[in-house]
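1. Build me a structure from this.
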Amino acid sequence: MSVSHYVHEHGTIDPPAVEEVADGAFAYIQPDGTWWINNTGFLVGDGGAVAIDTCATERRTRLYLGTIERVAGGAPVRTLVNTHHHGDHTHGNYLVPGATIVAHEKTRAEVLRYGLMERDAVWPGVDWGDLRVAAPFLTFAESVTLHVGDLRAEVRHFGTAAHTSNDSVVWLPDQRVVYTGDLIFNGGTPFLLMGSPIGYLHTLERLRELDAATLVPGHGPVCGPEQIDVAVRYTAFLMETAAQGRAAGLDPLAAAYEADLGEWAELSDPERLVGNLHRAYAELSGGEVDTYGALADMIAYNDGKPLTCYA
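-> A predicted model of the protein is given here:
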């Protein structure tokens, strides 16, 4: 079954689309863009291509790689960059066996730590395919620069946890294009359970300082820098909700039930607020987060239903 034939309660999911955001630089947009359906991208130059992330399932990754091969005229993917360790960006790494896999040093550590994390209990019924772990094996601490034909691509980590502990962006300074990974969810609720709200604000300011004109987000349509402002405002709402919830003696799930989502009610996956509050509470108290406990609370907030996934 092709991607375009997947139908859910909101209608038919459109197939992935390729958008050229600069000469030789492409965004690969996977509509729906919620749990496990990510955007990727690729750069094409003389003699080869650079892939920016892979996909959550074997089927989606093979379709993505086939698209690169077509657009690049059969040139091989010589380098694969992972923007962070989450499976929707790394599960398909093993399907690019000839590529050098590049990422932040913490991305490698987290891919090896989590492996193919338990998924079916939270997102049942997905055809994941024959997945295998393939961790990045060329790592950096702060940045590394790739040259793809005339394109200069700077892969940067901004020094703190944000969406995760290991988020990197791929910045094309001459074209003012940045592939943000999951630092930006365009139309979706940001997700900070495995990161840091405080660090996210710092990272968003560093992202803003790039002065990019075009952002390829980890989820949702290609956008401009105004989406950075949206993420900053959401994080301020999150931190205020966490402070008020703790002061009232509410746990994260109860605080989420009490919260008025306001403008954020329009974003997809509102249950992420619960996971975000678990992380915000931990930052305020200096405690740890039970990731699977937070996911269970997110399901409870979702009326006890499994979290949406059409991957």
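2. Identify the residues contacting the helix or strand that contains residue 62?
-> Using DSSP states H and E, residue 62 sits within helix 58-71. Residues from elsewhere that reach helix 58-71 (CB atoms under 8 Å, 6 or more residues apart in numbering): 3, 16, 18, 26, 28, 30, 37, 40, 42, 44, 49, 51, 54-55, 75, 77, 91-92, 95-96, 127-131, 311. C-beta here means a position set from N, CA and C on the backbone, and glycine is covered the same way.
3. can you give me the strands for this structure?
-> 7-8, 11-12, 17-22, 25-29, 40-45, 48-52, 77-81, 100-104, 138-140, 143-148, 151-157, 168-172, 177-185, 214-219 (DSSP state E).
4. and the residue nearest the centre of the chain, what is it in contact with?
-> Centroid-nearest residue in the chain, with CA atoms, centre = their mean: residue 182, separated by 3.0 Å. By CB under 8 Å, 6+ apart, the contact list for residue 182 reads 38, 83, 84, 86, 89, 163, 164, 167, 191, 217, 218, 219.
5. Would you check how far apart residue 26 and residue 298 are?
-> Counting by CB to CB, to the nearest Å, the gap from residue 26 to residue 298 is 33 Å.
6. Mind checking which of the two has more residues around it?
-> Ranked by neighbour count (other CB atoms under 10 Å), residue 26 and residue 298 place residue 298 first, with 25 against 22.
7. wait, that one sits on residue 276?
-> No - using CB atoms under 8 Å, residue 298 makes no contact with residue 276, being 9.7 Å away.
8. Can you list the buried residues in stretch 88-106?
-> 88-96, 99, 101-104, 106 (16 or more other CB atoms under 10 Å).
9. Out of these, which two sit at the greatest distance?
-> 95 and 106 (23.1 Å; CB to CB).
10. where exactly do the helices run in the stretch 151-300 of the chain?
-> 197-209, 226-247, 252-258, 272-285, 291-301 (DSSP state H, counting those that start in this stretch).
11. that older thread, run the angle between the helix holding residue 62 and strand 40-45 for me.
-> 30 degrees (axes from the mean of the first three to the mean of the last three CA atoms, to 10 degrees).
12. Now helix 58-71: buried residues?
-> 58, 59, 60, 61, 63, 64, 65, 67, 68, 71.
13. So what does residue 23 look like in phi/psi?
-> Here is the backbone geometry of residue 23 (degrees, to the nearest 10): phi -60, psi 120.
14. Residue 108 versus that one, what's the distance?
-> Taking CB to CB, one finds residue 23 at 31 Å from residue 108.
15. again, but for residue 302
-> Applying CB to CB to residue 302 and residue 108 gives a distance of 32 Å.
16. same question, residue 286
-> 27 Å.
17. Same drill for those two, tell me which one is more crowded.
-> When residue 286 and residue 108 are compared for neighbours, residue 108 comes out ahead with 20 against 6, by other CB under 10 Å.
18. quick one, what contacts the more buried one?
-> Taking CB under 8 Å, 6+ apart, one finds 135, 136, 137, 139 in contact with residue 108.
19. Name the residues linked to the nearest residue to the third one once chain neighbours are set aside by a beta bridge.
-> Going back to what we said before, that points to residue 137. Leaving aside its sequence neighbours, residue 137 sits nearest to residue 101 (CB to CB, 6 or more residues apart in numbering; 5.7 Å). Beta-bridge partners of residue 101, counted by DSSP bridges, are residue 80.
20. Am I right that residue 101 is in contact with residue 82?
-> Yes - at 6.6 Å, residue 101 counts as touching residue 82 under the criterion of CB under 8 Å.
21. shared neighbours of the two, anything?
-> 93, 136.
22. How about residues contacting stretch 254-272?
-> 33-35, 185, 187-191, 193, 234, 237, 241-242, 244-246, 248, 250, 273-274, 277, 297-299, 301-302, 307-308.
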